[in-house]
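**Student:** Got a predicted structure plus its sequence, pasted below:
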Amino acid sequence: MPPVIRAFRHEPSATWSYLVHAEGDAAAVVIDPVLDFDAGSGEASTGSAAALLTAAEGAGLRIEWVLETHAHADHLSAAAWLCERCGARVAIGAGIVQVQRAMAQRLNLGEHALATDGRPFDRLLHDGEVLQAGALALTAIATPGHTPDSMSYLAGDAVFVGDTLFSPAAGSARCDFPGGDAHALYRSVRRLYGLPVTRLFLCHDYPAEGVAPRAETSLAEQRAHNIHLHDGVDEDAFVAMRTARDATLAAPKLLWPAIQVNVRAGRLPAPEANGQAYLRLPVRLRETAGADGAHSGA
């Protein structure tokens, strides 16, 4: 029987979160929940996650697992807050260890500041593992390329693909983050295209003005119409396109706040001696020429 799926949209980050359970069963999972975050003030709030929790409680559901499709770079995860409120556990792909190590190096953080062995996630999933929530079974499908920890989740006739694919009009995810690989993304998508499913659920949609965002597409539609990865596009052509496109993309606005929280399973860094938690930002100075050819600042 197909799972029951309810989608929640976080408009500021164009993110879809999901509440999923088996028909007639109270055990549920949440996929990719979002904290509200104001970068200017440094304030994180829980309104969007609370709405999801309220919906679960109103439907008589018990959230047992929070699943992350990867350590997101464009929003902060609400996994820790949800788990504290309802006693759930949080899981992610085992590749998170590689992401943690890369971020610890980039941010010059020691083991005391950022674990690099998968903690504090409760479960690190490997390809093919099955996670059970009551009558709902989800199979973890490793789909690296966007990030090394990217994991899709297969449940009945549906698959939740994270950032591996966007809607057909938007194409595919970037591959220029640490551990990203356009060849791997191509192969991950081809693997998804071979699954015996009909419904495909996205983590993001970035529609044109006046077009409603979509949480769900069909596998057949993706194979026929995805602008980057429809049937007939070969690997070399995709990699050339993806590499050229990635070279033009700016970093996500919330990259550094998001990644530091998300590699900690949605937890803020530990407070320092004054009781305040802080997020790091790597800074560098780039010399640029002014309009008259002189170096700026000269």
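**Tutor:** Thanks, I have the structure now. Quantities reported herein were computed from a predicted structural model and do not represent experimental measurements. Numbering: from 1, shown residues only.

**Student:** Quickly list what F160 is bridged to.
**Tutor:** Per DSSP bridges, the residues bridged to F160 are Y153, F201.

**Student:** That one: how many residues sit nearby?
**Tutor:** By other CB atoms under 10 Å, the residues close to F160 number 26. Every residue, glycine included, has its C-beta placed from N, CA and C.

**Student:** Now do the contacts for it.
**Tutor:** The neighbourhood of F160, defined by CB atoms under 8 Å, 6 or more residues apart in numbering, consists of Y18, V20, I31, L67, T69, S152, Y153, F201, C203.

**Student:** Number of residues surrounding the fifth one?
**Tutor:** Spelled out, it's T69. 24.

**Student:** just checking, it touches S150?
**Tutor:** Yes: with contacts counted by CB atoms under 8 Å, T69 reaches S150, the gap being 6.5 Å.

**Student:** Now do the shared contacts for these two.
**Tutor:** Common neighbours of T69 and S150 are listed as G162, D163 (criterion: CB under 8 Å, 6+ apart).

**Student:** Now do H112, the pLDDT please.
**Tutor:** H112 is assigned 71 on the pLDDT scale.

**Student:** hmm, I was thinking of A258
**Tutor:** 95.

**Student:** Surely it and E68 touch.
**Tutor:** No: using CB under 8 Å as the test, A258 is too far from E68 to be in contact (11.9 Å).

**Student:** which of the two has more neighbours?
**Tutor:** Counted by other CB under 10 Å, A258 and E68 do not tie: E68 has more neighbours, with 27 against 23.

**Student:** Skip the chain neighbours and tell me the closest residue to the more buried one.
**Tutor:** I92 (4.3 Å; CB to CB, 6 or more residues apart in numbering).

**Student:** quick one: that neighbour from T15, how far?
**Tutor:** 16 Å (CB to CB, to the nearest Å).

**Student:** Show me which of these two is the more surrounded one.
**Tutor:** Using other CB under 10 Å as the criterion, I92 and T15 rank with I92 on top: 29 against 21.

**Student:** Phi and psi next, for the more buried one.
**Tutor:** Main-chain dihedrals, I92, degrees, to the nearest 10: phi -150, psi 170.

**Student:** Please apply the same query to L52.
**Tutor:** Dihedral pair for L52: phi -70, psi -40, per degrees, to the nearest 10.

**Student:** Nearest residue to it in space, please, no chain neighbours.
**Tutor:** Once flanking residues are discounted, L52 sits nearest to F8: 5.3 Å by CB to CB, 6+ apart.

**Student:** Check G42 too.
**Tutor:** Of all residues not flanking G42 in the chain, L279 sits nearest, at 7.6 Å (CB to CB, 6+ apart).

**Student:** number of nearby residues for that neighbour?
**Tutor:** For L279, the count of nearby residues is 16 (other CB under 10 Å).

**Student:** wait, isn't it in contact with L254?
**Tutor:** No: L279 lies out of contact with L254 (CB under 8 Å); the separation is 10.3 Å.

**Student:** Now do the same for V233: its pLDDT.
**Tutor:** Per-residue confidence at V233 stands at 97 (pLDDT).

**Student:** neighbours of it, just the number please.
**Tutor:** Residues near V233, counting by other CB under 10 Å, number 16.
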